[in-house]
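Peer 1: this one's sequence-less:
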C-alpha cells in the first residue's frame, strides 16, 4: 500500500514564525503536491514537484515555499506565518501516467495565533 | 464560475438508501474523473476513477460521467453508517499535473 506520512497532525504557531511541514512517501513516486483545505473552498494547490529539486507554483503559492532535496521528501515552508494561513495542509504523491490518482497523507492542522 | 461545482450538503439518509452525489464542471478538456472519500480528521482516499464518459462499478459504488453535459455522479447502493464521510469529486487532464477538486459533499448515513 502507498503510504504518505506528514510530520505533525496538529501544530500551533505564532504569527511571524517560520514553519516547516514535512511529507514523506514510501512508494518512489516522482510527483508530490501540497494543498490546503478550507471549508467551502475544497483543496487548493499550493506547490507541486514533478521530480527531485524541481518545483512549480500552484494556484496559491504566496507566502509559501517548498523544498525537494530527496525523491521521497517534500517540505512546505511558511516563511512568516500569518493567521490567514490557519488551515488543514495535505500532502499527496503520485506516479506519472497512471490515471492521475493522487495518494494523500493524513494532513496537518495548522493554527496560527 | 468555479471549475468544479459540488453541493456541500450535508446530505442525511437512512441506512440502506441509495445515495446520489453529483458535480458539474466547466472545462471540456478534462478526461479523468475521480471520487475521493475523506473521513473526519483524515486525508482523502481515492475511491474510484474513470476515464472519459461512461459508467464504472465497484461493489456498492458506481461512478458515472456524462461529458456532453459536464456532469459526474457517484451512486452508493445499500448505504451503510460507515459510508458517512465527505465525498470529493476531482477532475484532471490527461498526463497533467493539475487536479481540480470540488469542495466536497458531507454525507451522513443514519443507522
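Peer 2: Perfect, I can see it now. Quantities reported herein were computed from a predicted structural model and do not represent experimental measurements.
Peer 1: residue 90: what's it in contact with?
Peer 2: Assuming you mean chain A. A:34, A:35, A:36, A:37, A:43, A:104, A:105, A:107, B:43, B:44 (C-beta atoms under 8 Å, 6 or more residues apart in numbering or on different chains). Heads up, the C-betas are built off the backbone N, CA and C, glycines and all.
Peer 1: my bad, chain B
Peer 2: Applying C-beta under 8 Å, 6+ apart, the residues near residue B:90 are B:4, B:33, B:34, B:35, B:36, B:99, B:100, B:101, B:102.
Peer 1: could you dump those residues into CSV with secondary structure and distance to residue A:11 added?
Peer 2: Shown next, in CSV, are the contacts of residue B:90 (DSSP: H, G, I helix; E, B strand; the rest coil; distance: C-beta to C-beta, whole Å):
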residue, secondary structure, distance to residue A:11
B:4, strand, 29
B:33, strand, 33
B:34, strand, 28
B:35, strand, 29
B:36, strand, 24
B:99, strand, 25
B:100, strand, 27
B:101, strand, 23
B:102, coil, 27
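Peer 1: so what's residue A:56 scoring on pLDDT?
Peer 2: You'll see residue A:56 listed with a pLDDT of 93.
Peer 1: what about it, distance to residue B:64?
Peer 2: Distance, residue A:56 to residue B:64, by C-beta to C-beta, to the nearest Å: 32 Å.
Peer 1: those two: who's more crowded?
Peer 2: In this view residue A:56 and residue B:64 are compared by other C-beta atoms under 10 Å in any protein chain shown, and residue B:64 has more residues nearby, 18 against 14.
Peer 1: part of a strand, is the more buried one?
Peer 2: Yes: counting by DSSP: H, G, I helix; E, B strand; the rest coil, residue B:64 is part of a strand.
Peer 1: surely it is in contact with residue B:89?
Peer 2: No: under the criterion of C-beta atoms under 8 Å, residue B:64 is not in contact with residue B:89, lying 11.4 Å apart.
Peer 1: quickly list what's touching both of these two.
Peer 2: With C-beta under 8 Å, 6+ apart, residue B:64 and residue B:89 have common neighbours B:72, B:74.
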